[in-house]
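Student: After the sequence you'll find the predicted model.
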Amino acid sequence: MKFLDAPADLAAVRTDRSGHLPPTLPDAVVRATSVDDVVETLLWATEHRTPVVTRGAGTGLAAGASASAGEIVLDVSGLNRIVQIRPDDQVAVVEPGVLTADLDAAAGEHGLFYAPDPASAAISSIGGNIATNAGGLRCAKYGVTREAVLGLDLVLADGRRLSTGRQTVKGVAGYDLTSLVVGSEGTLAVVVGATLRLRPRPLEIATLAAHFDDVVDAAAAAAAITSARLQPSVLELVDAVTLEAVDEFRGSSLRALGAAALVVQCDGRGADAEIEAVAEVVGKFATSWRSTTDPVEAEELLAARRAGLPALETTGDVFIEDVAVPRSKLAEAVSGIQAISARTGVKIATIAHAGDGNLHPIVVVERGGTVTEGPAWDAACAVFDLALTLGGTLTGEHGVGSLKRTWLRQELGEDSLDLQRQIKAVFDPLGILNPGKGI
């Protein structure tokens with residue numbers, strides 16, 4: 001265990017990638033290297049009634065791991081072992097600091113893969129994915145993190161250790177505490193281990209990229225794929241603002257092909273036939289499209305999507321939103337976001353996991369500008385309103401953090417919010433785990 005309180009160390013863990021900067025520095029950082037370190041930290045925090053903000057890789061986008069004066073940061077990124085991979089059971093046991101892409105690569109050595117695939121897979125940790133119930137590119141077919149978590153090893157606020165869930169694929173003994181903790185944003189317990197489901201790596205993959213005159217057409221095409229009862233593993237949308245940034249970032253010329261793009265991937269036996277069915281649907285909306293089964297070419301088609309956020313970050317400071325709507329409402333949501341941008345004069349780029357209706361409207365401001373107040377925040381709030389009006393949600397995978405708490409009552413209702421706060425009090429009666437976040 002390392003205990004740090006130098007200003008440089010505190011500043012390094014003060015915030016995440018959300019754009020929110022707390023006004024003060026936390027009191028200290030504890031860098032845990034063992035579960036015993038976590039237990040000792042929480043015992044001390046309970047004794048001294050000191051709030052604890054658990055942190056992994058720090059890639060969160062809702063200020064869920066931000067910390068300020070009066071709080072200590074518990075850094076678990078050093079708990080980064082892949083404890084075991086059991087190929088016969090298609091299960092991995094890992095610590096929370098393991099990077100998502102590293103687990104996927106390790107599973108690949110056994111002909112398996114880890115299905116959750118956030119765009120930040122190369123830099124985000126499993127613990128953070130669990131905290132926010134992260135999704136990603138492959139969630140259209142394989143679901144989000146919750147579907148991959150079989151069991152958890154936890155340390156409760158008072159230092160007690162607890163194991164939830166199971167090592168089996170099925171199991172219904174008792175309440176599902178595992179699923180309750182997944183997505184709880186560090187407010188119920190500290191995750192120190194996870195038993196995760198792996199899947200057979202597909203033998204066949206087919207990829208399609210399509211271009212459109214308008215982003216609303218691209219969104220309509222994505223909804224039509226769902227209506228046609230097709231289930232690609234990847235269905236991603238990128239708008240013109242993002243394509244322009246990617247071209248500048250990578251030296252490509254994607255914007256010249258259209259004002260929006262869809263990238264679609266089908267996997268498993270029959271992937272060729274399924275991508276042909278996708279092409280038949282997309283062809284009614286697109287100006288052009290191409291497909292491939294070559295893995296190198298496929299990765300190049302996906303690279304533009306993965307480069308979207310890094311490219312936009314080179315153009316200014318960004319606030320990465322995360323609303324979701326019913327898939328049939330995707331085109332309305334995209335059109336509404338365009339209208340908000342025009343009305344407010346705020347630059348908004350839209351990237352979407354179109355396969356499950358999860359949109360990432362990205363507010364871009366000049367370098368050094370604020371994204372959590374003024375016109376930029378007004379535009380973000382208008383996006384929240386739009387999502388709720390369309391029957392959607394404030395967050396599909398990034399979490400509530402501290403940035404969206406004031407909107408929760410509108411989505412959940414007072415009774416639901418009150419019940420959730422009672423559950424929080426059972427796990428954390430002193431309220432020391434990540435206070436002011438989530439609920």
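Tutor: Nice, thanks for sending it over. This one's a predicted model, so the numbers in the text were calculated from it and none came from an experiment.
Student: tell me the domain ranges of the protein?
Tutor: The record's domain parsing of the chain by automatic domain parsing lists 2-75, 82-200, 205-389.
Student: Reformat those domains as JSON lines; add distance to residue 436 and mean neighbour count.
Tutor: Heads up, the C-betas are built off the backbone N, CA and C, glycines and all. Shown next, in JSON lines, are the domains of the chain (distance: least, C-beta to C-beta, whole Å; neighbours: other C-beta atoms under 10 Å):
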{"stretch": "domain 2-75", "distance to residue 436": "8", "mean neighbour count": "19"}
{"stretch": "domain 82-200", "distance to residue 436": "9", "mean neighbour count": "20"}
{"stretch": "domain 205-389", "distance to residue 436": "15", "mean neighbour count": "20"}
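Student: Pipe the ones you listed into CSV and attach distance to residue 433 per row.
Tutor: As requested, the domains of the chain are exported to CSV (distance: least, C-beta to C-beta, whole Å):
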stretch, distance to residue 433
domain 2-75, 6
domain 82-200, 5
domain 205-389, 22
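Student: Out of those, which is closest to residue 402?
Tutor: domain 2-75 (4.5 Å; C-beta to C-beta).
Student: any idea which element residue 277 lies in?
Tutor: Residue 277 is located in helix 271-282, with elements delineated by DSSP states H and E.
Student: So for the closest residue in space to residue 95 that isn't next to it in sequence, what's the pLDDT?
Tutor: Distance criterion C-beta to C-beta, 6 or more residues apart in numbering; nearest residue to residue 95, sequence neighbours excluded, is residue 79 at 4.0 Å. Confidence at residue 79, expressed as pLDDT, is 98.
Student: and if you look at residue 372?
Tutor: 75.
Student: That one reaches residue 317, doesn't it?
Tutor: No: here residue 372 lies out of contact with residue 317, judged by C-beta atoms under 8 Å, at a distance of 10.3 Å.
Student: now the residue nearest to residue 189 when sequence neighbours are not counted, which residues is it bridged with?
Tutor: Closest residue in space to residue 189, ignoring its immediate chain neighbours: residue 154 at 4.0 Å, by C-beta to C-beta, 6+ apart. As for beta bridges, residue 154 partners with residue 162, residue 191 under DSSP bridges.
Student: Distance of residue 154 relative to residue 83?
Tutor: 16 Å (C-beta to C-beta, to the nearest Å).
Student: Likewise for residue 319?
Tutor: Residue 319 is 37 Å from residue 83, by C-beta to C-beta.
Student: same question, residue 97
Tutor: Residue 97 is 12 Å from residue 83, by C-beta to C-beta.
Student: which ones are touching the residue nearest to residue 189?
Tutor: Shown in contact with residue 154 (C-beta atoms under 8 Å, 6 or more residues apart in numbering): 161, 162, 163, 164, 181, 189, 190, 191, 192.
Student: Dump these to a markdown table, plus pLDDT and distance to residue 121.
Tutor: Putting the contacts of residue 154 into a markdown table (pLDDT from 0 to 100; distance: C-beta to C-beta, whole Å) gives the following:
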| residue | pLDDT | distance to residue 121 |
| --- | --- | --- |
| 161 | 98 | 29 |
| 162 | 97 | 28 |
| 163 | 97 | 26 |
| 164 | 97 | 25 |
| 181 | 98 | 21 |
| 189 | 98 | 24 |
| 190 | 98 | 23 |
| 191 | 98 | 18 |
| 192 | 98 | 21 |
